[in-house]
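Undergrad: Any chance you can model this:
(one chain, ligands or ions: 3)
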Amino acid sequence: MRHLAILGSTGSIGTNTLAVAAEHPDQFEVMALAAGTNVEEMVRQVNRFRPRLVSMATKEAAEAVQSRVDAGVKVMWGDEGVMAVATHPDADYVVSALVGSRGLRPTLAAIEAGKAIGLANKETLVTAGHIVKKAAERAGVTIYPIDSEHSAIFQCLNGERHKDVHRIILTASGGAFRDWTREQLAEATPEAALKHPNWSMGAKVTIDSATMMNKGLEVIEAHWLFDLSYDRIDVVIHPESIIHSMVEFVDGAVMAQLGTPDMRVPIQYALTYPKRLSLSTKRLDWVELGSLHFRRADFDRYPCLRMAYEAGRIGGTMPTVLNAANEVAVERFLAREISFLEMEKVIERVMERHQPITEPSLEAIDEADRWARSVAYDDRVRV
Ligand SMILES: NC(=O)C1=CN([C@@H]2O[C@H](COP(=O)(O)OP(=O)(O)OC[C@H]3O[C@@H](n4cnc5c(N)ncnc54)[C@H](OP(=O)(O)O)[C@@H]3O)[C@@H](O)[C@H]2O)C=CC1
Ligand SMILES: CC(=O)[C@@H](O)[C@H](O)COP(=O)(O)O
Ligand SMILES: [Mn+2]
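TA: Ligands and ions are numbered 1, 2, ... in the order given. Purely as a prediction, here's the structure:
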C-alpha cells in the first residue's frame with residue numbers, strides 16, 4: 001500500500017494521479033493534497049478521497065474549502081501548507097505536480113523527509129538538478145519519472161547497464177504549430193497554442209510544447225535523471241506521440257516504449273514500480289495506426305530547443321535563468337502582453353545578460369531565478 005501526498009492535485013497530473021488511485025483502492029491511500037485556488041475541485045477530491053491534510057494557495061481558498069468539508073480535515077494555506085503536505089508524516093510517496101519552479105522547495109523538503117518521489121514537475125530538475133540529485137542520494141530516496149518521455153526511457157533501461165547506453169532519443173509531438181511556418185507563427189494566438197494535437201495538459205506545458213521549450217526542458221531533465229551528457233541526448237519529432245521515447249545501446253539495438261497518449265500509464269508505473277497493475281487505457285490497434293512518422297527537430301525552426309541545450313551545457317545558474325525567463329514569457333504570452341515569437345526573444349535576451357555561477361547554492365538559485373524574472377518582465381528586453 002502506498003500512502004500518497006499530491007502536490008498540484010487539482011491539475012492535469014494531479015487528477016490523473018487520483019484517477020489511478022481510484023482504480024486501485026487496495027493499493028493507494030491519499031493522505032494529503034495541495035493545490036492553488038480551485039476550491040470546487042478540491043472539495044470534490046476531499047469528499048472522494050478523505051485526505052487528512054489539505055493546502056490551498058491562499059487563505060481565502062483555504063477558508064472556502066474548510067467551510068465545505070468535514071471538520072476533521074485539516075486545511076492549511078500558502079508555503080507553510082504546501083510544505084506540510086510535502087512532508088506529511090503519514091505519506092510515504094509524494095507526487096510532485098505543481099507547475100513551475102515553485103515546485104522546487106516542497107519537492108526538496110519531501111526528499112529530505114525521506115519520501116519516494118514521483119516527479120512530473122520537470123522545472124524542479126531544470127532549475128536545480130545538482131541540488132535535487134545530491135539531496136536524493138543523501139536521503140537514499142528514489143525519484144521515479146512521471147514525464148512520459150522519461151518514464152519511457154526508465155522502462156527501456158530496466159535491467160540494462162548505464163555503460164551500454166549509446167544515446168537516448170526523446171520524441172516530440174512538435175506541438176500545436178508543427179505544420180506552421182515561422183512567418184505564420186508571428187500571428188499565433190494563445191487559443192491556437194493551447195490546442196495540443198495529442199495530449200490534454202495544463203496551460204503552461206502546452207505552450208512549452210508549442211515553442212518546443214518543453215522538449216528543451218526535458219533534455220535537461222533527462223541529463224539529471226539518467227546521468228547522461230548532452231551529446232548523448234537527442235530529439236526527434238514524432239507527430240503521433242505513440243513512441244514515448246527510445247534508448248539506443250552500444251550494439252545498435254534500440255528499445256522504445258509505445259502506447260496511446262495517456263498520462264495515467266507513466267503515473268501508475270511511477271507509483272507501482274517495479275510492478276505493473278491493470279489499467280483501463282485504450283489499447284493500440286496496429287492496423288488502425290498504419291504508420292508512424294519522424295521529422296528532424298531543427299534548431300533554426302525551434303530556437304527554444306537550441307537555447308535549452310545551450311543552457312544545459314553551460315550549466316550552473318544558466319538553466320535556472322532559462323527556466324525562469326520562460327515561465328515569465330509564457331505567462332505574458334497567455335496574458336497577451338507579448339507575441340508568440342517574442343517569447344523566444346525574451347528568453348534569449350535574458351540569457352545573454354546573465355553571468356552564470358557554477359555549482360550554485362539554493363540561495364544563488366533563488367537569486368538567479370528572481371533576477372531572470374525581473375529582466376523578463378522588463379519591456380525593454382524584447383526589443
Ligand atoms: N499535464 C501533463 O500531462 C504533463 C505535465 N508535466 C509537468 O507536470 C507539472 C504539472 O503540470 P500540469 O498538471 O499540466 O499543470 P496544471 O496547470 O494542470 O496544474 C498545476 C497544479 O498546480 C497547482 N498550483 C498552481 N499554483 C499554485 C500555488 N501557488 N500553490 C499551490 N498549488 C498551485 C494548481 O492548482 P489550482 O488549479 O487549484 O490553482 C494545479 O493543481 C508541470 O511541471 C508539467 O510540465 C509533465 C508531463 C505531462
Ligand atoms: C505528456 C508529456 O509528457 C508532455 O510533456 C508531452 O511530452 C508534451 O508533448 P510534446 O512536448 O512532445 O509536444
Ligand atoms: Mn513530456
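
Undergrad: how many other residues sit next to Arg313?
TA: Residues within reach of Arg313, counting by other Cβ atoms under 10 Å, total 14. For every residue, glycine as well, the C-beta is placed using N, CA and C.

Undergrad: do Ala364 as well
TA: 16.

Undergrad: And it, which helix or strand is it part of?
TA: Here Ala364 sits within helix 362-377, counting by DSSP states H and E.

Undergrad: Show me what that helix is packed against.
TA: helix 122-139, helix 318-334, helix 340-353 (3 or more Cβ pairs under 8 Å, 6 or more residues apart in numbering; DSSP states H and E).

Undergrad: Including distance to Asp378, could the ones you listed go into JSON lines?
TA: Output for the helices and strands packed on helix 362-377, formatted as JSON lines (distance: least, Cβ to Cβ, whole Å):
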{"stretch": "helix 122-139", "distance to Asp378": "21"}
{"stretch": "helix 318-334", "distance to Asp378": "10"}
{"stretch": "helix 340-353", "distance to Asp378": "9"}
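
Undergrad: Quick one: those as CSV, columns for mean pLDDT and mean neighbour count too.
TA: Formatted as CSV, the helices and strands packed on helix 362-377 follow (pLDDT from 0 to 100; neighbours: other Cβ atoms under 10 Å):
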stretch, mean pLDDT, mean neighbour count
helix 122-139, 98, 21
helix 318-334, 98, 26
helix 340-353, 97, 20
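
Undergrad: Of all these, which one is nearest ligand 1?
TA: Across those, ligand 1 has its closest neighbour in helix 122-139 (5.2 Å, Cβ to the nearest ligand atom).

Undergrad: Contacts for the closest one next, please.
TA: 96, 99-101, 103-104, 107-108, 111-114, 117, 119, 141-143, 147, 217-218, 220-221, 223-225, 319-320, 322-324, 327, 359-362, 365, 369 (Cβ atoms under 8 Å, 6 or more residues apart in numbering).

Undergrad: Taking these, please make a PyMOL selection of just the buried ones.
TA: Typed into PyMOL, the next command selects the buried ones out of those (criterion: 16 or more other Cβ atoms under 10 Å):
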select buried, resi 96+99+100+101+103+104+107+108+111+113+117+119+141+143+147+217+218+220+221+223+224+225+319+320+322+323+324+327+360+365+369
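
Undergrad: Mind checking which of the contacts of helix 122-139 are in strands?
TA: Among the contacts of helix 122-139, DSSP state E puts 96, 117, 119, 143 in strands.

Undergrad: Please, which helix or strand holds Ala256?
TA: strand 254-258.

Undergrad: Contact residues of the protein facing ligand 3?
TA: 147-149 (Cβ under 5 Å from the ion).

Undergrad: Throw those residues into JSON lines and include pLDDT, thanks.
TA: JSON lines is the format used below for the residues of the chain next to ligand 3 (pLDDT from 0 to 100):
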{"residue": "Asp147", "pLDDT": "98"}
{"residue": "Ser148", "pLDDT": "98"}
{"residue": "Glu149", "pLDDT": "98"}
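
Undergrad: Name the residues that touch the lowest-mean-pLDDT helix or strand in the chain?
TA: Taking mean pLDDT, DSSP states H and E as the measure, the chain has helix 182-185 as its least confident helix or strand, at a mean of 93. With Cβ under 8 Å, 6+ apart as the test, helix 182-185 has contacts from 177, 301, 340-341.

Undergrad: of all those, which two lie farthest apart?
TA: Across the contacts of helix 182-185, no pair lies farther apart than Arg301 and Phe340, at 13.5 Å, counting by Cβ to Cβ.

Undergrad: Next to ligand 2, which bits of the stretch 101-250 of the chain? Give me the list.
TA: Contacts of the stretch 101-250 of the chain with ligand 2, taken as Cβ under 6 Å from any ligand atom, map to 147-149, 172-173, 175, 199, 205, 209, 214-215.

Undergrad: just so I have it, where are all the helices in the stretch 51-200 of the chain?
TA: 59-66, 78-86, 104-112, 122-139, 148-156, 182-185, 190-193 (DSSP state H, counting those that start in this stretch).

Undergrad: The longest one: how far from the chain's middle?
TA: This points to helix 122-139. 14 Å (Cα atoms, centre = their mean, to the nearest Å).

Undergrad: does that helix come close to ligand 1?
TA: Yes: residues of helix 122-139 are located near ligand 1 by Cβ under 6 Å from any ligand atom, namely 122-123.

Undergrad: From what I see, Leu2 and Tyr93 are in contact.
TA: No Leu there; residue 2 is Arg. Yes: in this structure, Arg2 is within contact of Tyr93 by Cβ atoms under 8 Å, at 4.8 Å.

Undergrad: who touches both of those two?
TA: Leu271.

Undergrad: hmm, back to that, for the contacts of helix 182-185, could you give me JSON lines that also reports distance to ligand 1?
TA: JSON lines is the format used below for the contacts of helix 182-185 (distance: Cβ to the nearest ligand atom, whole Å):
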{"residue": "Phe177", "distance to ligand 1": "18"}
{"residue": "Arg301", "distance to ligand 1": "22"}
{"residue": "Phe340", "distance to ligand 1": "19"}
{"residue": "Leu341", "distance to ligand 1": "22"}
